[in-house]
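Engineer: Just a sequence and a predicted model for now, questions to come.
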Amino acid sequence: MKKIGFIYKYNPSEGMGILVFGAWKVKGSWFSTRKNTPILFSDNDLLSEVSTGQLVYFDLNDDKTATNIERASLSNFKVDYINSLITCKSNESEFSFYSDNTYISFERLDNVIIPNEDNQKKVETTSGDNDPIFSGLFDDDDFDLFDDYDTTDSSDVEYDSSITKININLPESIKELFNCFGKYKHEDRKDSASVNVFDLSLWIDSEVLSTEYYGKKVDELLFLYGLFVLKKRYNNKGHEIPAKRDNDHISPTWSLLLSTFREEDLKKVIHEAPILQPALPIDFCKNNTEVLTDDYGMPNVDICELYCLYKISNADNISDYKDLKHKFHVYRTCTATHLEGEGTHMCKMGETRIRNLEKRLEERYEL
């Protein structure tokens, strides 16, 4: 069965790695059940080169082993399979299928409690938070995904008051690291980490950009927009299920994709996908101010000002004047909290610059 997974760790010198997939725990009425445990694989199971922190396609065998493992990226973008992830099947719940198919969760190993007998060296070691497996890969929000899971339901180790809570350096050996899963209790309830399969940064990097990849055409890029930004999903009849966006945050990675498009194609893209405006090339924005909107963030403050100057130069009647005057007041008195990844909002121009724009508007109206 074809699956999508995440390379938790791979060591080329050992020719071995650890793959995680799906949800590792499922909460029941009385206790949590381990569902998808990590898989140990070797180079013999690979169809392509892989490295730690990459998404992969793989075949899950009946004996819970993985074969035909290959990197999942925009240069190896399996559209039909991706569509199957966002379409509810007859045996799936319409309420949960999307998160079930698009998040990979696994046990954290940076906060385990080691029994005294397993800590014979008694050496103080550095925190697992500095381990490269975790550094930079996961957001704090990801760790919250399974906060409410009961982590005391089962254990492979018998515990008593003689246990010692310590921070550890995880084993370098793939086999030793693999054997840490499911063996220890955790010092807090946050025993899970998760990866969002539709995090665009996991699908593209400099290596992918140097090859042929999915997303070079307008229709392909718009499909990616629906997938990664709008989070589109469909029921088992093929009808789109409305998905509410929490914010207008977009990955900086979009700028890499948009930078390869011609001007006319960018106009088509931004018309259909306005949320991508913060990722537009600066030169395109300078030359095509008329296609921009203050409904979304701009690439930078200079483009904000340029947009306002364009609007002032085209304020030809009293209605335009009143509309702009009101907008400048809103920009200047804005108290909203804007999130990183939403681009540069108009209020970021600052009071001095906005007041200068107001003067320019007044001067034009007096003419």
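Structural biologist: Okay, I see it. Residues are numbered from 1 along each chain as shown.

Engineer: Mind picking out the helix or strand in the chain with the poorest mean pLDDT?
Structural biologist: helix 140-143 (a mean of 40; mean pLDDT, DSSP states H and E).

Engineer: so what secondary structure elements neighbour the helix or strand following that one?
Structural biologist: Sequence-wise, the next helix or strand downstream of helix 140-143 (DSSP states H and E) is helix 174-178. Under the contact definition 3 or more C-beta pairs under 8 Å, 6 or more residues apart in numbering; DSSP states H and E, helix 174-178 sits against strand 2-11, strand 16-21, strand 39-42. Heads up, the C-betas are built off the backbone N, CA and C, glycines and all.

Engineer: Parallel or antiparallel, which strands does the longest one pair with?
Structural biologist: Pointing back at strand 2-11 there. Neighbouring strands of strand 2-11 in its sheet, by DSSP bridges, are strand 16-21 (antiparallel), strand 55-60 (antiparallel).

Engineer: Report the buried residues of the last one.
Structural biologist: When you say that, I think you mean strand 55-60. Neighbour-count burial for strand 55-60 flags 55-58, 60 (criterion: 16 or more other C-beta atoms under 10 Å).

Engineer: could you dump that strand to PDB, C-alpha only?
Structural biologist: Presented in PDB, the C-alpha positions along strand 55-60 are these (Å, rounded to 0.1, in the frame of the first residue of the first chain):
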ATOM      1  CA  LEU A  55       9.200  13.400   3.100                       C
ATOM      2  CA  VAL A  56       9.100  10.100   1.200                       C
ATOM      3  CA  TYR A  57       6.700   7.800  -0.600                       C
ATOM      4  CA  PHE A  58       7.000   4.200   0.300                       C
ATOM      5  CA  ASP A  59       5.100   0.900   0.100                       C
ATOM      6  CA  LEU A  60       3.900  -0.400   3.500                       C
END
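
Engineer: pLDDT (mean, whole number) over that strand?
Structural biologist: Mean pLDDT, computed over strand 55-60, is 97.

Engineer: Please work out how many residues are found near the residue lying closest to P274 once chain neighbours are set aside.
Structural biologist: Distances taken as C-beta to C-beta, 6 or more residues apart in numbering place Y296 nearest to P274, at 5.8 Å, with adjacent residues excluded. A count of nearby residues for Y296, using other C-beta atoms under 10 Å, gives 17.

Engineer: Roughly how far does the residue nearest to F77 when sequence neighbours are not counted sit from C308?
Structural biologist: Spatial nearest neighbour of F77, chain neighbours left out: Y214 (3.7 Å); criterion: C-beta to C-beta, 6+ apart. Distance from Y214 to C308, counting by C-beta to C-beta, to the nearest Å: 37 Å.

Engineer: For these two, indicate the residue with more neighbours.
Structural biologist: Higher neighbour count among Y214 and C308: C308, with 25 against 20, using other C-beta under 10 Å.

Engineer: element containing the residue lying closest to that one once chain neighbours are set aside, please.
Structural biologist: For C308, ignoring the flanking residues on the chain, the nearest one in space by C-beta to C-beta, 6+ apart is L357 at 5.0 Å. L357 belongs to helix 351-366 when assigned by DSSP H and E.

Engineer: And that helix, what does it pack against?
Structural biologist: With 3+ C-beta pairs under 8 Å, 6+ apart as the test, helix 351-366 has helix 301-313, helix 318-332 packed against it.
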